[in-house]
Structures are given as structure tokens and as C-alpha cells.
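>>> missing the sequence, but the structure's below:
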């Protein structure tokens, strides 16, 4: 299969989600990813087979004790043959290991040096450690998610980490393009904090322009204007999501739902009123939606081209034809588990389609093979192992 | 300023968030973006100055009535000089306008043709319209966000749209890299559905590997294991977010919070127990955290390098030094509003730094200038205006 990144080699010191997800997305695009792990395996190995498989499909694994001087010699040889180095330690850790940009660019002058952090590499919080939920907290997403006037909730998945991984993949693609055009490498960087802010470009900027806006958490709707016929409604067998109802659509919605009696109710007769009086519109819609199944409502609403979709569970997504056809859910051959379904790639390309290239590696599965490629002989490899460097 | 995309021209038919955010991110990287709008302005103009500014900074605006044959002639000339065409209409609309990939590639053989949709271009839902909240619904994020066993909530901002915009920018960067390496253009595509699935790579794959996992909405924590000393806690003046407490950190946390009496409480003495008995650990932590301000707790916890951060409001982010220094919040000169703060770019690059290049255009601000560039003379431009094509 032809990939955008065929022939590009990435040396990956990253762990857990942000870094590994970025290099998984790039491995799907054809990059050769050499994953460097501690001899015990990276911290993310604690997450079990699903975690390791989806975040590390198609990579090779090399174990190295980065505190051992002989391991640093191996790293220098690896850097010399790599186009990109990726890490997501707290800023400063790579430098203290002798693996900072200034160290490595001496070995590989056009190196692309990519890092992910929690708060960004500059400023008072730069050196602080973090995790997904802290990114959602500082980045403001938590402040608008959850019950109105109640406790702040996170988005229910690690979207700060995963979206930062996507941003880091984009940063590396941009740097590779620049290198292709000019021959020049550089440092590129993302953070959970910056990514979460950039997941809310409209909302945060609106608050900046209109500081008098009343802020409250979004609840079932959205922190600002998107309310009323909006968000999830309970059906006979699950939940259905609506995304608005213009005034010209209102009579149709009333007919489809069998609530014609309420069509001229003065509390909810216009889109503006429905937006303002969410309790009033819910009190009409909720008893209607519970009468039929999500699929029945979807069929009726879609026939009118109204904006509606199922609130799908993970099980529904994993078995959904639409997700499979578009490659969002992929089947992969797992060495122990047989055929497994994993999350695919968000990008489709007609001539260079991204897709998982193989399973995740076992810890250190490619250590010896890689050392042989670098010119070490078997005696030297045995010595490195005896020394505890690999 | 040098940008990765200096000299790259993007013809942008997109509207609202997904497409415009992708091309805003690319304009920040130096691309020349020609935004084609209806004569009334794109639908997103209804969102007001903040919406238009952050999503369209640094672009040019050309008004065209795409149903007018003379406007299509203009488009063909625009395509001939462009590297990338972007749109996010429902799949099929561009084709019906005569602006499908097969039409445009005849004019520009190495064209990159980028589209964003709700559900993906293939499969039974391909032609259905959508909006952010439907992406959060079908993609499963809504199913895990909100009160456990209660109503599903969205993440409180339009993160499906904005993250899809980031994914589309990454797709275009990948296609430009491929074109640079091989001379070959192609179609690239993202969708809300695919992006939201890929925002949950671990969670959805874990469900696939472990279908017996009990699923419930995340509430204050996470849908799976990340609970207990996790998520937001009310303080004297706001909320503080915690991200776990290992057994070796527990005595320190007890000391910092002044809850040493509970250190050996058999219900919460180990990390595993604290994870399982969230009500028990909350009943101890909540009365402690409300005693001091968020800043005071942060200072004390950070001195011990414990994982903590403030649940920041948008106002705090807009005035935060860390966000400003790292470029996540930028100041821009707005033609009417003076200096305004807007959301910046998630990616930092040392040699080609992305940053907003200028304000958003007025509707059709660059129509005449662009037509002159394309070789039209003033008489022809007047005729196009009289004909209602521009």
C-alpha cells in the first residue's frame, strides 16, 4: 500500500496517549516508527492489550535504559537514520538525558523534533506534569460541560490527549512539508492546554468579544444559544439527538411527533421562544419521543430531512456499517486475540489511504533486529544486554 | 513571517465551523485562502463578529452565486490557480454545482480536493446533513458524557466540529506533502463521525476487547477506571481538578489537605479502594477542598508535584499568561472593535511559527481585486455584478 510517509522514519520516545496516538496516525500513513521503551515497557502497557494495540499498531519496539550511557550511544545511531524524533515527557526530561534538540540536531541537522506537553513549553506552568483531565480543566472544556449551575464534568473520554495527538501528527506533517520544500528541520510542539483551547475557538472568542454573555454549563445543550430542540431526548429504547428546528420546520416536527396540539402554544411557537424556554419545549417533546424507538424516529425525521441522529453506544459504533465502510472502525489481526476491532484513522485519502499496517509490537520485539541494522554484531548485542543497556 | 504554506493557495467554499476552522489553521501557516461566499455572506456570518473573526482570520472574501453560470466560469479560473479546494457541504452538493473532483481535476490535474461531512462520504448515511451535536451523538462521546445512569450530555463546546477542522487541516498538509514528493494530487476527506470516534481511540477499542466492561456515563470522572481522586472538587472560590493519587502519594495528600485522620480509613486506604469507593473518598475530600482557594491548593499540591490544575473559566484563560506566552490566545487588530483577543493555533513551530495573519474579511471585500487578478476588466466586473453572478 502506498502511504504519504513511505520512507519516513520516526524515532518515538513517547508514552501513554498523546505521543503514541500521534505516531500511530503517522504509522497508518506509512511511516516506519521505532518505539523506544523502558525494559519494563512504557507506562501505557499497564493499560492492557486494547490500549497498547490501538495506540501502537504498526510500530516496532526497541527497549533501552535511557539512563545507561551505552543506550545513549544506540540512540545517537538511531537518530542519525531518523527523520523525526517524538517525545511527550515533561519539558526538560529529554534535555537532561542528553536528548534535547540541541544535542540531536548535531547528529541529524535537518531533524524534526516533536514534543507534546501538558501546559506548553514556555511560561510559569511549563515544567508541570499533567494528564488528560487536567488539560480539560485548564483549557476550559470542563467549565462548560456538566449540569447548568452544577458540578463541572469532563467530556467522558480522554479527548484532550487524543486531540493533542492529532495536533502533533499535523505538526509533524507540516514540518515534513517544510523540510521537503526547503531542506530545513525544526522543533514542533503541541500541548493539552493549547489543543483544548483550540477545540473551542468559537466559544472562547465569543466570550472575549461579549464579556457580558451569561456563562453556564451546557447541560444537555450548549453553553450558549443552542438549546430547546437540541441535544438528546429519551426514546422507547435509547436516546435520539436533535440539532435545531427552524420556524419553517416546526409544523413538520409537530406532525411527525404527533404534537400538533402544541404547534401554536405561545410559549414555544417560535424558534427563539423554543431556545429560551427549554423547560417548556422539553415538557412537550419528552412525552412524545419516549413513544417510539430511536430507529423509528430517525426514519420519520430523516424523511423530512430534519437534523437528527442516534446517540450511539460504543457497541453500536463497533457494529455500524457506516463506521466500517468509512474505515473509522478497522479489523486487525492480533497475535493473541485473533481478529479484533480497533479505532481507525480520521482521514481518508484517495491515493494514499491511511490504515493500520499491523499489530502493536511486544515489548522489545525489534531490539535485536534494530541493533543489527545499526551495525552491532551479536557479541555486542549480548554485551549490551549483560550491561543492562537494552 | 515565514510560513510552512507560503505560496500555497486554497480555494475555500466552506462555511460555519469545520471547513473554515481548517482553512483558518492553514492561513495561520501562510496559505493564501480565497473564501467564496454567497452574496448574503456564508451561513456562519449569522454567528456574529467573534465567530467570523476567529474562524476566518487572514482570509480574503469573494462573493459568487454558485448557481449562476458566469460565476462557475469565475470558479474555473480560480481553480486553475489554486493548489487546494475545500468544502463542507453535504456530499453531492459540489458535484451538482459542477464543482466535483472529476470536474475540477480537468482544470488542475494535481489538485488537492478536501471535503468535510457529518457521517463520511460512503455508506447509508453519507448524504445526510448534520451539525456538531449530531457528531457527538453518533460518535459515542455523548453516550459517555453526563451523569452516571442519567441523561447523556454533550461536551459543552462544539468539539466535534473544531476537531474535525483540525483533522481536515492535517489531511491537507498530508496531501500537500505527497504532492511535493510525487507531483500527485488527490481527494482527502474527514467527517464529524470519524473524528469523534478517533477522539476516543482507547475507550472504544477497550469496549471492543472487553465487551463485558460495565459502561456508564463518566459523571465527574471517566467512564472507565479513572475515578476517586480524579476530576473537579469545589474549593473556596472555584474548582480544582485532580488526576489521581498513587499509594506512595496518599500520605502526602492527607498531610496537604489536613485529613491525616483518614489516612488509614479501611474504605479508602489504597488507590484501588479509592477508585472503587468514590462516594467514600469524596466525602473526605470535599469538606477539605472547600476550605481554601484554588490557588492556595494548587500551590501546596504543586510543591509536592501532585497532579492538579485549576478548572479555568474562559475569562481566566483569556487573561492567562501561560496561554498568551504560548500563543494559544492571540491579540488581533479588528477593523471595528480595535484590539481583540482570539483563540490562536494549537501548533508551535520554531522556524515557521503559525499565527493569525490578519482580520477576517468583510463579505466580498476582495471580489473585485480577485477578478482583476484573474484577468477580468472593470467593464466585465460591472457586467458580472449586473448579472447577479458576483
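Noted; the coordinates are in hand. What you see is a predicted model, and the numbers here were worked out from it, not measured in a lab.
>>> not counting its neighbours along the chain, what's nearest the residue most central in space within chain A?
Geometric centre of chain A, nearest residue: residue A:162, 2.3 Å, by CA atoms, centre = their mean. Sequence neighbours aside, residue B:199 is the residue nearest to residue A:162 in space, at 4.9 Å (criterion: CB to CB, 6 or more residues apart in numbering or on different chains). Glycine gets a C-beta too; all of them are placed from N, C-alpha and C.
>>> next, count neighbours for the one you found.
Number of residues near residue B:199 (other CB atoms under 10 Å in any protein chain shown) recorded here: 34.
>>> mind checking pLDDT for it?
On the pLDDT scale, residue B:199 is placed at 98.
>>> do the same with residue A:149
84.
>>> isn't it up against residue A:217?
Yes: assessed by CB atoms under 8 Å, residue A:149 is found in contact with residue A:217 at 7.1 Å.
>>> neighbour count winner among the two?
It is residue A:217, of residue A:149 and residue A:217, that has more neighbours when counted by other CB under 10 Å, with 20 against 8.
>>> do you know how far the nearest residue to the more buried one once chain neighbours are set aside is from residue B:142?
Residue nearest to residue A:217 in three dimensions, not counting chain neighbours: residue A:146, with 4.6 Å by CB to CB, 6+ apart. Residue A:146 sits 13 Å away from residue B:142, going by CB to CB, to the nearest Å.
>>> more neighbours, the two?
Ranked by neighbour count (other CB under 10 Å), residue A:146 and residue B:142 place residue B:142 first, with 33 against 25.
>>> the more buried one: what secondary structure?
With DSSP: H, G, I helix; E, B strand; the rest coil as the basis, the three-state label of residue B:142 is helix.
>>> so what's it up against?
By CB atoms under 8 Å, 6 or more residues apart in numbering or on different chains, residue B:142 lies in contact with A:232, A:239, A:241, A:311, B:133, B:136, B:152-154.
>>> what about the strands in the stretch 1-150 of chain A?
For the stretch 1-150 of chain A, the strands defined by DSSP state E, counting those that start in this stretch cover A:9-12, A:32-37, A:60-63, A:84-87, A:112-117.
>>> out of those, which is closest to residue B:3?
strand A:112-117 (16.3 Å; CB to CB).
>>> remind me what that closest one packs against, helices and strands.
Counting contacts by 3 or more CB pairs under 8 Å, 6 or more residues apart in numbering or on different chains; DSSP states H and E, strand A:112-117 packs against helix A:18-28, strand A:84-87, helix A:159-182, strand A:186-191.
>>> looking at those, which is closest to residue B:31?
Residue B:31 sits nearest to helix A:159-182 of all the helices and strands packed on strand A:112-117, at 11.0 Å, using CB to CB.
>>> and the closest one, what's buried?
A:159-179, A:181 (16 or more other CB atoms under 10 Å in any protein chain shown).
>>> just checking, what packs against that helix?
Other helices and strands packing on helix A:159-182, by 3+ CB pairs under 8 Å, 6+ apart, are helix A:18-28, strand A:84-87, strand A:112-117, helix A:132-138, strand A:186-191, helix A:192-198, helix B:159-182, strand B:348-349.
>>> so the shortest one, near chain A or not?
What it means is strand B:348-349. Yes: using CB under 8 Å from any CB of the partner chain, strand B:348-349 reaches chain A at B:348-349.
>>> next structured bit after that strand?
Downstream of strand B:348-349, the next assigned helix or strand under DSSP states H and E is helix B:367-373.
>>> quick one: contacts of the helix or strand just after that next one?
Under the assignment DSSP H and E, the closest C-terminal helix or strand after helix B:367-373 is helix B:378-387. Residues from elsewhere that reach helix B:378-387 (CB under 8 Å, 6+ apart): B:68, B:70-71, B:74, B:368, B:371-372, B:376, B:390.
>>> now swap in stretch A:299-308 and tell me
Residues outside stretch A:299-308 that contact it (CB under 8 Å, 6+ apart): A:240-245, A:249, A:252-253, A:256, A:297-298, B:128-131, B:134.
>>> how about stretch A:89-97?
Surrounding stretch A:89-97, the residues in contact under the criterion CB under 8 Å, 6+ apart are A:13, A:66-67, A:72, A:87, A:100, A:102-103, A:115, A:117-118, A:121, A:126-129.
>>> on that earlier part again, reformat the contacts of helix B:378-387 as a markdown table; add neighbour count.
Listed next are those as a markdown table, based on neighbours: other CB atoms under 10 Å in any protein chain shown:
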| residue | neighbour count |
| --- | --- |
| B:68 | 16 |
| B:70 | 16 |
| B:71 | 22 |
| B:74 | 22 |
| B:368 | 17 |
| B:371 | 21 |
| B:372 | 13 |
| B:376 | 19 |
| B:390 | 24 |
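>>> do the helix or strand where residue A:341 lies and chain B meet at all?
In this assignment (DSSP H and E), residue A:341 forms part of strand A:338-343. Yes: residues of strand A:338-343 are located near chain B by CB under 8 Å from any CB, namely A:340-343.
>>> ok, which pair from those residues is furthest apart?
For the residues of strand A:338-343 next to chain B, with distances taken as CB to CB, the pair at the greatest spread is A:340 and A:343 (11.0 Å).
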